[in-house]
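J.: okay, here's the prediction I keep looking at, along with the sequence it came from:
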Amino acid sequence: MKRQSPPKKPRLGEAQLIIPATELFLRCANLILPWLNPQELATVSLTCKTLALISKSLTFHRSLNAARSLENLSIPFHNSIDSQRYAYFIYTPFQIPASSPPPRQWWGGATECGSESRPSSDSVSEHGRFGVSLVDESGEKMFGCACERCEEGYCKCLGVVGMEEIANECGSGCWCGSDCPNRVSQKGISVRLKIVRDEKKGWCLYADQLIKQGQFICEYAGELLTTDEARRRQSIYDKLRSTQSFTSALLVVREHLPSGQACLRINIDATRIGNVARFINHSCDGGNLSTVLLRSSGALLPRLCFFAARDIIAEEELSFSYGDVRSVTGKNRDKKLNCCCCGSSSCFGTLPCENT
Ligand SMILES: C[S@@+](CC[C@H](N)C(=O)[O-])C[C@H]1O[C@@H](n2cnc3c(N)ncnc32)[C@H](O)[C@@H]1O
């Protein structure tokens with residue numbers, strides 16, 4: 001019979017390279033699981049107790065911050081209604097070109113020191129902030145201001161100032177820097193917000209501090225779609241909504257000429273990729289937010305931004321009007337699915353829903 005040779009002893013200096021199998025398993029799980037969506041996570045967690053524990057911890061971390069680490073502040077989920085701890089979507093703080101299939105994003109893992117590491121915004125857009133800049137042939141910045149230091153309210157970029165529906169601010173076409181006071185919407189979310197579960201409306205965006213009238217809240221970020229793609233997706237979303245609990249967040253924005261004619265149409269889909277604005281519900285009385293189509297000097301496309309229409313107290317839900325409820329066709333009006341629960345005294349009982 002052949003004699004078995006004894007296991008090889010590690011040579012001096014080799015010992016520290018050997019990682020116990022369980023530790024290796026844990027390290028791999030901690031690296032991979034934050035990339036999974038809730039369905040994948042649920043499947044994986046059924047395989048063993050250790051993975052179930054890691055999934056539970058991930059779920060907890062995800063519920064603490066919907067914005068991953070891509071905003072200045074954490075935006076937590078609160079749910080005392082059912083067992084859903086968070087809503088799953090890919091986070092982008094700004095509008096991006098349509099992406100198919102949607103990218104994966106690392107969410108909810110803890111680094112060794114216990115805090116979530118910052119996912120790169122490149123995971124949603126290779127070029128970071130998506131905005132086509134306008135420059136002349138020599139590369140000169142010619143669309144913005146040449147102020148050495150812009151004064152709040154006194155810069156040619158601002159054009160019409162106030163709470164109008166269309167506004168301008170300094171941008172990549174200007175010589176001023178990112179600390180310019182006339183770049184309010186480009187500095188990201190600076191008010192504390194939270195996402196609260198409601199029995200009838202699903203997730204809702206709430207103020208978590210006093211927000212003064214006129215303060216910037218957030219932009220409506222998501223995938224920019226062509227009108228054909230918006231129509232294709234809307235019909236898929238309508239089918240999904242009729243068969244299962246599903247909420248979509250596809251917004252059509254139209255810029256109008258003084259004559260009233262629409263001159264620019266932007267389709268922003270925050271259903272799969274978006275920011276916290278995707279949780280803002282409709283209110284028939286117009287709600288407490290103003291929507292402003294904001295154009296940064298030098299950027300080709302405007303962005304839809306939300307500002308406080310009046311002082312908003314902590315614990316108040318943020319809402320705006322999705323559109324004219326009179327445009328709801330008979331077909332959509334009948335559906336139980338489109339029932340409005342805004343609770344305002346002027347509630348029409350039906351959500352605005354236009355044919356995209
Ligand atoms: C952009 S999402 C808003 C966030 C959504 N509540 C969620 O859970 O993700 C739009 C969807 O929210 C729901 N919703 C918005 N406003 C509502 C209202 N006033 N009453 C009832 N449901 C509403 C509808 O299902 C709508 O299709």
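T.: In hand now; what should we look at? Numbers count the residues shown, from 1 in each chain.
J.: got any ranges where the chain has weak pLDDT?
T.: 1-17, 110-143, 153, 159-164, 257-258, 260, 262, 325-337, 354-356 (pLDDT under 70).
J.: would you state the strands of it in chain order?
T.: Under the criterion DSSP state E, the chain carries strands at the ranges 77-78, 90-91, 96-97, 166-169, 193-198, 202-207, 216-219, 222-225, 250-256, 262-274, 281-282, 289-296, 303-308, 319-320.
J.: the ligand contacts on the stretch 151-300 of the chain?
T.: Contact residues (C-beta under 6 Å from any ligand atom) of the stretch 151-300 of the chain with the ligand: 200-203, 247, 249, 278-279, 281-282. C-betas here are computed from N, CA, C, even on glycine.
J.: how about those in a markdown table, adding distance to Cys339?
T.: Shown next, in a markdown table, are these (distance: C-beta to C-beta, whole Å):
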| residue | distance to Cys339 |
| --- | --- |
| Lys200 | 8 |
| Lys201 | 10 |
| Gly202 | 12 |
| Trp203 | 17 |
| Thr247 | 13 |
| Ala249 | 18 |
| Arg278 | 20 |
| Phe279 | 19 |
| Asn281 | 13 |
| His282 | 11 |
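J.: so which of the residues you listed is the closest to Pro20?
T.: Pro20 has its nearest neighbour among those in Trp203, at 41.8 Å by C-beta to C-beta.
J.: the closest one: neighbour count?
T.: 21 (other C-beta atoms under 10 Å).
J.: please name the bridge partners of it.
T.: Beta-bridge partners recorded for Trp203 (DSSP bridges): Arg197.
J.: from the stretch 201-350 of the chain, which residue is nearest to the ligand?
T.: Residue nearest to the ligand within the stretch 201-350 of the chain (C-beta to the nearest ligand atom): Gly202, separated by 2.6 Å.
J.: mind listing what the residue nearest to that residue when sequence neighbours are not counted touches?
T.: In this structure, Gly202 finds its nearest non-sequential neighbour in Thr247, 5.6 Å apart by C-beta to C-beta, 6 or more residues apart in numbering. With contacts taken as C-beta atoms under 8 Å, 6 or more residues apart in numbering, Thr247 has the following neighbours: 202-203, 241, 271.
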